[in-house]
Every structure is written in C-alpha cells, then in structure tokens.
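Asks: need coordinates for the below:
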Amino acid sequence: MCLDFVNTIDLTGTPKERDLLADYSAFIDWSLARGTMSPAAGEKLRLLAHARPSDAANVQADALALRSAIRLLAETAQANGDLSPLLPLINTYLAYLTFPPRLLQKIRGSGETTYDLPGQNLAEPLWPVLWTLSTLLVSDDLSRLGTCHAQDCRAIFIDHTNNRSRIWCASDLCGNRERVRRAYRARQVKGTSPKNR
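Replies: Predicted structure coming up:
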C-alpha cells in the first residue's frame with residue numbers, strides 16, 4: 001500500500017504528469033479507491049477538512065513530503081545504499097501513529113476488509129500508508145524493490161520473481177506500451193536503412 005501511495009504520480013517528469021493527490025479531497029478519494037477507509041470515515045473527514053481547511057492543507061503537505069521520502073528510501077534501498085539518514089524523518093511520522101484499528105468487512109460475504117478508521121483525525125489517511133511502510137522496512141521485500149523501466153514511468157514495485165527479472169510495473173500496461181514503442185522504432189530504423197533509400 002505504501003508503494004501504491006508513492007505511485008500516485010503518473011507520468012512523472014513529463015508534460016503529461018498527473019498527481020492523484022492534488023489536494024486533501026483527492027487524498028480521501030485515493031484512500032477510498034484503495035480501500036483503506038470506509039465511505040463513512042471518508043465523509044466525516046471531508047466535513048472536518050471543510051471546517052478546518054488550514055489543518056487539512058498541513059496534512060496534505062505532510063502527505064506529499066512523506067511520499068517523496070518513501071520514494072527516496074525505495075530508490076536508496078534498490079541501490080543498496082545506507083538508509084540510516086532517512087530513518088529519522090520516517091520515525092517522525094511513525095511517532096504520530098496509533099495502534100492499527102480493527103478491520104471491517106467491506107461488503108458482507110466478499111471477504112474484503114478495510115481499516116475501521118473513526119474519521120476524527122485529518123491525518124487518518126496517512127496511517128495505513130505508515131503501517132504498511134513500517135512493515136515493508138523490516139521485511140525481506142525491501143531487498144526486492146524495483147523501478148519500472150518503461151519510458152515516462154517511475155513506479156516502484158516489489159519483484160517476487162525467482163530470478164528478480166521483473167522490469168515493468170505492469171506487463172499489460174507499461175510492458176505493452178514499451179513493446180509497441182520498440183517495434184515502432186525498429187520499423188523506423190529499418191525504413192531509413194541504405195537498402196530502403
């Protein structure tokens with residue numbers, strides 16, 4: 001989940017860049033879509049944000065700073081770098097966490113669950129991100145992080161292949177786009193070769 005949070009910027013660094021966390025309301029929308037809170041909690045937080053816009057803006061700024069910190073941490077881990085300089089900032093966020101709440105069933109009989117967040121603290125959308133981040137940092141998955149090789153994509157993922165050969169965030173999306181792009185380039189090169197002039 002914390003990696004999905006990092007990947008909320010689409011087409012990073014391009015003219016088509018799109019931030020799925022453009023404001024606090026968008027953060028609630030993402031949380032609901034990701035299934036980290038119930039609609040009732042989301043509605044309570046929207047009302048609270050409307051009543052306390054400056055506080056909501058501060059949480060939003062914290063969210064964006066945390067997102068950048070997690071990306072830097074993930075990229076450092078991939079390079080086998082030293083994570084210790086990054087941990088004090090992460091620990092600052094973790095210090096505000098409560099214990100994980102109980103789980104709720106989303107739809108009766110579906111088997112899907114969500115956190116039973118109370119909808120009383122504007123920082124609640126950050127909590128599931130931090131819970132999963134702390135789990136990632138102490139797991140073997142930290143050594144399996146990868147970054148998508150596709151052009152215009154910097155999505156972070158966990159590579160669970162046996163030989164750690166995964167290069168796309170999603171083979172049916174970025175993988176297909178890259179295969180089409182490479183085939184097009186190959187046709188262009190072939191079309192401009194001396195034999196075809």
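Asks: buried ones in the top helix by length along the chain?
Replies: Taking DSSP state H as the assignment, the helix of the chain that covers the most residues is helix 53-78. Using 16 or more other Cβ atoms under 10 Å as the test for burial, helix 53-78 gives 56, 59-60, 62-64, 66-67, 69-74, 77-78. To be clear about C-beta, it is placed using only N, CA and C from the backbone, and glycine gets the same treatment.
Asks: stretch 119-139 now?
Replies: Buried residues in stretch 119-139, counted by 16+ other Cβ under 10 Å: 119, 121-134, 136-137.
Asks: next one: stretch 6-15
Replies: For stretch 6-15, burial by neighbour count (16+ other Cβ under 10 Å) applies to 6-9.
Asks: quick check, nearest of those residues to Leu20?
Replies: Comparing those against Leu20 with Cβ to Cβ places Thr8 closest, at 4.1 Å.
Asks: greatest separation within the buried residues of helix 53-78: which pair is it?
Replies: Across the buried residues of helix 53-78, no pair lies farther apart than Ala56 and Gln78, at 33.2 Å, counting by Cβ to Cβ.
Asks: which ones are touching the residue nearest to Ala155 when sequence neighbours are not counted?
Replies: Counting by Cβ to Cβ, 6 or more residues apart in numbering, Ala155 lies nearest to Cys169, which is 3.7 Å off, once chain neighbours are set aside. Residues in contact with Cys169 (Cβ atoms under 8 Å, 6 or more residues apart in numbering) are 7, 148, 150, 153, 155-157.
Asks: so which of those are in strands?
Replies: Per DSSP state E, strands hold the following members of those: 156-157.
Asks: ranges for the strands of the protein?
Replies: Assigned by DSSP E, the strands in the chain fall at 9-10, 18-19, 103-105, 113-115, 145-147, 156-158.
Asks: in space, what's closest to Asp23 - neighbours in sequence excluded?
Replies: Spatial nearest neighbour of Asp23, chain neighbours left out: Gln60 (6.3 Å); criterion: Cβ to Cβ, 6+ apart.
Asks: let me see the domain layout of this structure.
Replies: As assigned by automatic domain parsing, the chain contains the domains 2-159, 167-197.
Asks: and the first one, how far from the chain's centre?
Replies: The chain centroid and the centroid of domain 2-159 are separated by 6 Å under Cα atoms, centre = their mean, to the nearest Å.
Asks: and Asn7, what are its phi and psi?
Replies: Asn7 adopts backbone torsions of phi -80, psi 20, taken as degrees, to the nearest 10.
Asks: how about it, what does it touch?
Replies: Counting by Cβ under 8 Å, 6+ apart, Asn7 touches 155-156, 169.
Asks: can we see that at 6 Å?
Replies: Going by Cβ atoms under 6 Å, 6 or more residues apart in numbering, Asn7 touches Ala155.
Asks: ranges for the helices of the chain?
Replies: With helices called from DSSP H, the chain shows them at 2-6, 24-34, 39-51, 53-78, 87-94, 126-137, 176-191.
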